[in-house]
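Q: mind folding the following:
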Amino acid sequence: MQQQDDWQDALAHLESQLAFQEETIRALNEALASQQADILLLQRQLKLLKERQDEQAASLAELPGAADERPPHY
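A: I've put the predicted structure just below:
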């Protein structure tokens, strides 16, 4: 009878560990999915900022005398 109780205790412990691991994996999966969404959003924002910066640099380069003009503190 003692051996059967030991087996039942061991099985209950393993089931508990499995449930904990499943919950941990689920939580990690949710965190990973959330982080991936954040990364994609940040990549899109960075791309838009780069495009805007390139457009501004191109428009500044087109201004007459902009490259030769010195700031007032010179």
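
Q: give me the low-pLDDT residue ranges for this structure?
A: 65-69, 74 (pLDDT under 70).

Q: can you get me a residue count around M1?
A: Counted with other CB atoms under 10 Å, the neighbours of M1 add up to 5. The C-beta positions use only the backbone N, C-alpha and C, and glycine is treated the same way.

Q: what's the spacing between it and W7?
A: Spatial separation of M1 from W7 under the definition CB to CB, to the nearest Å is 11 Å.

Q: go on, L49?
A: Computed with CB to CB, the distance linking L49 and W7 is 62 Å.

Q: kindly report the same for Q45.
A: Using CB to CB, we find Q45 at a distance of 57 Å from W7.

Q: same question for F20.
A: F20 is 20 Å from W7, where distance means CB to CB.

Q: the helices in this protein, which residues?
A: Using DSSP state H, the helices found in the chain span residues 2-62.

Q: in it, which residue is most central in space?
A: Nearest to the geometric centre of the chain sits Q35, at 3.3 Å (CA atoms, centre = their mean).

Q: need the contact list for that residue.
A: For Q35, no contacting residues are found, by CB atoms under 8 Å, 6 or more residues apart in numbering.

Q: ok, now how distant is it from I25?
A: For Q35, the distance to I25 equals 15 Å [CB to CB].

Q: could you do P72 as well?
A: Applying CB to CB, the value for P72 to I25 is 62 Å.

Q: next one: K50
A: Taking CB to CB as the criterion, K50 is separated from I25 by 37 Å.

Q: and Q56, how many neighbours?
A: Residue crowding around Q56 was assessed by other CB under 10 Å; the count is 10.
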